[in-house]
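> sequence-free structure coming up:
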């Protein structure tokens, strides 16, 4: 069976990628997970300089998920290259680096720096973080902003460029199309949904930032729908994510149109999920006599449902 998939020039061993923000820089999980067996891993978001993020409280558990407002705390791109990349190369990891900017020029400079770093295989453009006020989501919430940042980064790097899209828009498919028109090799979606939790005894927000990003199984049905909508709008690959906690969850995204999937919040619950996903995919493919993952991508059959709806 062929479990490999391709995103632009990047070939992944399998479709399972560790999502940004829930897997550290990858090395934090190296004692529990053989990083070389993952399709890829996405770093914590990197700015040009180190960033402290928001003060506590930064995480709140919710029914079937969690809210986070970390504020993109990170070590900055130069420390990442000096301290993390050498060891990641030793683990034979496929590294997709998530980059963040307050300005378009910052995204461009980050892309330039990382394009010259050995062991960086692709760039994920974080234009969708819902819990910082500067940059980020400002670009990802408009067609022009998405087009401008993707096209600017595209001009300075040969690495695959994968903008990460926000679900906090009216029409995510149009944002995906704008990214494709600007030269993106793929799009990843969805980032977290903007949410809020209140302590009713103190009548104060549970998060120091007041609002945060909702992730986990609670958002999965909406994320699957958005992947399906984007698959109908663009030809480039889609990396789907949002509440994946089992092989059945992952297969929903793939059948809806995702070439690969990212797993985030589930890492906090089960850091050993990766072998379960690989075993589950192989078992599914054997059971359905499928030779390649590509035979599954975007194979949702809506014809019967549509016929039943029309006839009723």
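Nice, thanks for sending it over. Nothing here was measured: the structure is a model prediction, and the numbers come from that model.
> now the helices for the stretch 1-150 of the chain?
For the stretch 1-150 of the chain, the helices defined by DSSP state H, counting those that start in this stretch occupy 77-79, 85-90, 104-115, 137-140, 143-154.
> Out of those, name the one with the poorest average pLDDT.
Lowest mean pLDDT within the helices of the stretch 1-150 of the chain: helix 137-140, at a mean of 70.
> ok, and the helix or strand in the chain with the lowest average confidence?
The weakest-scoring helix or strand in the chain, judged by mean pLDDT, DSSP states H and E, is helix 303-311 (a mean of 61).
> Report the buried residues of stretch 266-278.
266, 267, 273, 274, 277, 278 (16 or more other C-beta atoms under 10 Å). No exception for glycine: its C-beta is placed from N, CA and C like everyone else's.
> same thing with stretch 3-19?
For stretch 3-19, a neighbour-count test (16+ other C-beta under 10 Å) marks 3, 5, 7-8, 10, 12-19 as buried.
> Using CSV, please lay out the residues you listed together with distance to residue 254.
Putting those into CSV (distance: C-beta to C-beta, whole Å) gives the following:
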residue, distance to residue 254
3, 11
5, 9
7, 14
8, 18
10, 17
12, 13
13, 15
14, 11
15, 7
16, 10
17, 12
18, 17
19, 16
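> Show me those that map onto strands.
5, 7, 10, 12, 16, 17, 18 (DSSP state E).
> Identify, from these, the entry nearest to residue 168.
For these, the minimum distance to residue 168 (C-beta to C-beta) is 22.1 Å, reached by residue 17.
> Leaving out chain neighbours, which residue sits closest to residue 198?
residue 205 (6.0 Å; C-beta to C-beta, 6 or more residues apart in numbering).
> hang on, isn't the one you found packed against residue 196?
Yes. Counting by C-beta atoms under 8 Å, residue 205 does reach residue 196; the two are 6.6 Å apart.
> Now do the longest helix along the chain: which elements does it pack against?
Assignment by DSSP state H gives helix 273-287 as the longest helix of the chain. Helix 273-287 is packed against strand 16-18, helix 247-256, strand 260-263, with contacts defined by 3 or more C-beta pairs under 8 Å, 6 or more residues apart in numbering; DSSP states H and E.
> Turn these into a markdown table, columns for distance to residue 74.
As requested, the helices and strands packed on helix 273-287 are arranged in a markdown table below (distance: least, C-beta to C-beta, whole Å):
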| stretch | distance to residue 74 |
| --- | --- |
| strand 16-18 | 16 |
| helix 247-256 | 27 |
| strand 260-263 | 18 |
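> closest to residue 148 out of those?
Smallest distance to residue 148 across those (C-beta to C-beta): 24.8 Å, for strand 260-263.
> Please name the strands paired to that closest one in the sheet, noting orientation.
Within its sheet, strand 260-263 is paired with strand 16-18 (parallel), strand 238-241 (parallel), according to DSSP bridges.
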